[in-house]
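> When you get a sec, could you give me coordinates for this:
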Amino acid sequence: MSSKPTCHLIRPESSYEGKQGLSYFTGIAAETVGSTGICMHLLTMPPGARAKAHMHESHETAIYVLSGEVHTWYGDRLEQQIVVKAGDLFYIPAGVPHLPANLSDSSASAVIARTDPNEQESVILLPELDGLVA
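Residues are numbered from 1 along each chain as shown. Down below sits the predicted model:
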């Protein structure tokens with residue numbers, strides 16, 4: 001007998017370390033609510049925090065910055081850069097290498113949504129790109 005889908009409330013009170021080297025607050029994912037097509041998490045990057053270069057091979061990412069600003073390098077060789085600030089929406093297509101860093105003196109927070117319900121399943125680390133960003 002299958003169970004009927006129902007609504008779930010998640011309070012992001014606990015966190016986990018992602019493969020990217022950042023700490024994420026627990027959110028909406030297959031693991032927490034049984035979602036099948038989306039995950040959504042809250043990320044707070046302290047001053048100086050930097051992710052490892054990575055990509056999400058088979059899913060898209062949408063980011064809404066709540067506070068602060070984050071520099072993000074992206075592209076095959078991280079050759080492009082953008083500064084995403086509070087109030088901005090930022091889209092990362094599937095398969096695009098990227099590396100976010102908080103270069104400011106204050107924390108930055110964002111809501112992150114992805115089209116893969118398993119938050120860490122399709123994260124591919126790209127250590128060969130880490131040294132390209134100083």
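> CA only for contacts and neighbour counts going forward, please
Will do.
> for the most centrally placed residue in the chain, helix, strand, or coil?
Centroid-nearest residue in the chain, with C-alpha atoms, centre = their mean: Ile112, separated by 5.3 Å. Three-state call for Ile112 (DSSP: H, G, I helix; E, B strand; the rest coil): strand.
> Okay, now the unreliable bits of the protein?
1-2, 119-120, 134 (pLDDT under 70).
> Which residue ranges of it form helices?
Taking DSSP state H as the test, the helices found in the chain are 30-33, 127-130.
> buried residues in the first one?
Okay, so that is helix 30-33. Residues of helix 30-33 classed as buried by neighbour count (16 or more other C-alpha atoms under 10 Å): Ala30, Val33.
> Also the last one?
By neighbour count, with 16+ other C-alpha under 10 Å as the criterion, the buried positions of helix 127-130 are Leu129, Asp130.
> Output that helix as CSV, nothing but the C-alphas.
C-alpha atoms of helix 127-130 as CSV (Å, rounded to 0.1, in the frame of the first residue of the first chain):
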residue,chain,number,x,y,z
PRO,A,127,39.7,20.2,-7.9
GLU,A,128,41.7,21.0,-11.1
LEU,A,129,39.8,24.4,-11.2
ASP,A,130,40.2,25.4,-7.5
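> Give me the contacts around that helix.
Residues outside helix 127-130 that contact it (C-alpha atoms under 8 Å, 6 or more residues apart in numbering) are Lys52, Ala53, His54, Arg77, Leu78.
> Of all pairs in those residues, which one is the farthest apart?
Lys52 and Arg77 (13.5 Å; C-alpha to C-alpha).
> Looking at those two, which has the bigger crowd around it?
A direct count of neighbours by other C-alpha atoms under 10 Å for Lys52 and Arg77 places Lys52 higher, at 20 against 15.
> The more buried one touches Leu125, doesn't it?
Yes - at 6.9 Å, Lys52 and Leu125 qualify as touching, with contact defined as C-alpha atoms under 8 Å.
> Could you name every residue contacting both of these two?
Gln20.
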